[in-house]
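Visitor: 3D, please:
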Amino acid sequence: MSSYYLEDFKPGQIFTSSGRTITEADLTMFSMISGDWNPIHADAEFARGTRYGQRLVHGTLGIAICTGMLHQIGIFEKSVIAMLGLREWNFKQPIVVGDTVHLELEILSVEPGKSGRSGKLGRRFRLLNQRGEVAQEGDSDVLVLTHEGARQQQEQSSQAAQP
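Guide: The predicted structure follows:
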């Protein structure tokens, strides 16, 4: 899929990624990177005694997977400027090793900026498991170039490359 610019988005649009199965390596690597070795993630015997009966994947790994799946969808490849934040992120269902998840991204709002070069998109992320259940969801605004902003950026890059 090619990049979308601000004018290409409309509230209500939904973009869906392909699936990705969560592995033991994902759980372990995220524990190593984050330093979070809570027994619910790292101790199979402890986790067996919880209401889930098994280890859970870190909730924040779900957020990271969502943002990675944006790249796979490809709509922000050349147009994104910056993620502006996350709001009201909710963990609805646990994620466990072996779950296959995919991202459903809904455009909530499109707000042109004052300069005409960029604007803000309101987005809702939904991370769904293989049963179609929402495992996590939350909102995130992002600053995106307009077609004109991309053209101006390209011109500036071309001029800077000339000796």
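
Visitor: and the helices in the chain?
Guide: Assigned by DSSP state H, the helices in the chain fall at 24-34, 39-42, 44-48, 59-73, 147-161.

Visitor: once you drop chain neighbours, what's closest to the residue most central in space within the chain?
Guide: Compute the mean C-alpha point of the chain, and by Cα atoms, centre = their mean the closest residue is T67, 2.4 Å away. Leaving aside its sequence neighbours, T67 sits nearest to M83 (Cβ to Cβ, 6 or more residues apart in numbering; 7.6 Å). The way it works is simple: take the backbone N, C-alpha and C, and place the C-beta from them, glycine included.

Visitor: same deal with L70?
Guide: With sequence-adjacent residues excluded and distances taken as Cβ to Cβ, 6+ apart, L70 is closest to F76, at 6.0 Å.

Visitor: for this structure, where's the lowest mean pLDDT among helices and strands?
Guide: Lowest mean confidence among the helices and strands of the chain (mean pLDDT, DSSP states H and E): helix 147-161, at a mean of 82.

Visitor: how about that helix: buried residues?
Guide: Buried residues in helix 147-161, counted by 16 or more other Cβ atoms under 10 Å: 149-150, 153.

Visitor: which residues touch the residue nearest to T67?
Guide: Under the criterion of Cβ atoms under 8 Å, 6 or more residues apart in numbering, the contact partners of M83 comprise 67, 140-143.

Visitor: related to what we said a few turns ago, who wins for proximity to E111 among the helices of the chain?
Guide: For E111, the closest of the helices of the chain is helix 147-161, at 14.1 Å, according to Cβ to Cβ.

Visitor: what is the neighbour count of the nearest residue to I75 once chain neighbours are set aside?
Guide: Of all residues not flanking I75 in the chain, Y4 sits nearest, at 4.4 Å (Cβ to Cβ, 6+ apart). Y4 is flanked by 22 other residues according to other Cβ atoms under 10 Å.

Visitor: check Y4 and give its pLDDT.
Guide: For Y4, the pLDDT comes out at 96.

Visitor: thought it was touching K78?
Guide: No - here Y4 does not reach K78: they are 9.4 Å apart, not a contact under Cβ atoms under 8 Å.

Visitor: taking the contacts of M83 one by one, which sit in strands?
Guide: 140-143 (DSSP state E).

Visitor: tell me the pLDDT at the residue nearest to the centre of the chain?
Guide: For T67, the pLDDT comes out at 94.

Visitor: bridging residues for T16?
Guide: Using DSSP bridges, the bridge partners assigned to T16 are E104.

Visitor: check contacts around it.
Guide: So T16 contacts 73, 102-105 (Cβ under 8 Å, 6+ apart).
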